[in-house]
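**Student:** Following is a predicted model, sequence given first.
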Amino acid sequence: MRETVERVVVNVGSLNRIKRRAVEEACRELFGGATVRPFRTDSGVSHTPATDDEIIEGAARRAAGAFGEGGADFGVGLEGGVAQTPHGPILKGWVAVFDGTRTFIGATPGLPLPASVMEKVRGGRELAHLMEEMTGVEDVRSKQGAFGVLTGNRITRLQSFKLALYCAFAPVVNGKLYAGEAR
C-alpha cells in the first residue's frame, strides 16, 4: 500500500462515468484515495463480449492501454459481457489491474440474462440499448446499468464493478499473502 494518496495514480481505460466512479470509490477505500484519470481505450472485443475469456481480454487490453498513457501506478480496465453457461446466459463483468508487469483480475457477480434479451443480443443488438428500451432510462450504462435494471437496483453497475475492483486489487493491497506468485 502506498504511503500517501498523492502517489497513487490510476489510469482507467474508459470515459464512462460509472466505471470511473467505481475506480474512485474503490481506491478511496483501498488506498485512502487516488488520482483517477480516464482515457479512451479500445477493448479489441465485441460490444457485448460473449465469453469470460473475451470479457477478460477486453478488460486486460483496456488496462494495458490506460497504463500506456503514462504517469500511473496502475492501469485499470473494466469490461462487461454475457458469459454462456450450461444454465443459460449470465451477465457479468471483469476488471483487470495492470501494474506495468503483472495483470490481476477480478469478477463482478453474475446474474441470469432474460432469454428474450439474449435473443436480441445474439441478433446484434447492444445490451445497453435494450436496457434503455425496456426502462425508458436514457444512457442506462452510465446510471444503474443492466445490473440495476435486472436486480431492481439491489446491485447496480457501480456496485458490481466495485466488488470486482476489490478482488482485482487484492494482490496489491495484500501483497504479503501473494508474495512469490508470478502472474
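**Tutor:** Looks like it came in fine.
**Student:** And the strands in this structure?
**Tutor:** 9-12, 35-38, 74-85, 88-98, 103-107, 111-112 (DSSP state E).
**Student:** could I get those strands as TSV with distance to G68 and mean pLDDT?
**Tutor:** C-beta: built from backbone N, CA, C; applies to glycine. Below are the strands of the chain laid out as TSV (distance: least, C-beta to C-beta, whole Å; pLDDT from 0 to 100):
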stretch	distance to G68	mean pLDDT
strand 9-12	8	98
strand 35-38	13	97
strand 74-85	7	95
strand 88-98	9	96
strand 103-107	13	98
strand 111-112	33	96
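**Student:** Include mean neighbour count and distance to G145 when you put the ones you listed into JSON lines, please.
**Tutor:** Formatted as JSON lines, these follow (neighbours: other C-beta atoms under 10 Å; distance: least, C-beta to C-beta, whole Å):
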{"stretch": "strand 9-12", "mean neighbour count": "24", "distance to G145": "16"}
{"stretch": "strand 35-38", "mean neighbour count": "18", "distance to G145": "17"}
{"stretch": "strand 74-85", "mean neighbour count": "24", "distance to G145": "8"}
{"stretch": "strand 88-98", "mean neighbour count": "25", "distance to G145": "9"}
{"stretch": "strand 103-107", "mean neighbour count": "19", "distance to G145": "15"}
{"stretch": "strand 111-112", "mean neighbour count": "14", "distance to G145": "11"}
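**Student:** possible to save these as a markdown table with distance to K143?
**Tutor:** Output for the strands of the chain, formatted as a markdown table (distance: least, C-beta to C-beta, whole Å):
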| stretch | distance to K143 |
| --- | --- |
| strand 9-12 | 18 |
| strand 35-38 | 17 |
| strand 74-85 | 14 |
| strand 88-98 | 16 |
| strand 103-107 | 22 |
| strand 111-112 | 17 |
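**Student:** Let me know which of the ones you listed is the nearest to E57.
**Tutor:** Judged by C-beta to C-beta, the one of the strands of the chain that comes nearest to E57 is strand 74-85, at 8.2 Å.
**Student:** Report the angle between the closest one and strand 103-107.
**Tutor:** 50 degrees (axes from the mean of the first three to the mean of the last three C-alpha atoms, to 10 degrees).
**Student:** on contacts alone, who are the packing partners of strand 74-85?
**Tutor:** strand 9-12, helix 17-31, helix 52-67, strand 88-98, helix 157-173 (3 or more C-beta pairs under 8 Å, 6 or more residues apart in numbering; DSSP states H and E).
**Student:** Figure out the length between the terminal residues of stretch 99-119.
**Tutor:** Terminal residues of stretch 99-119 lie 38 Å apart, using C-alpha to C-alpha, to the nearest Å.
**Student:** average pLDDT across stretch 168-177?
**Tutor:** Averaging pLDDT along stretch 168-177 yields 94.
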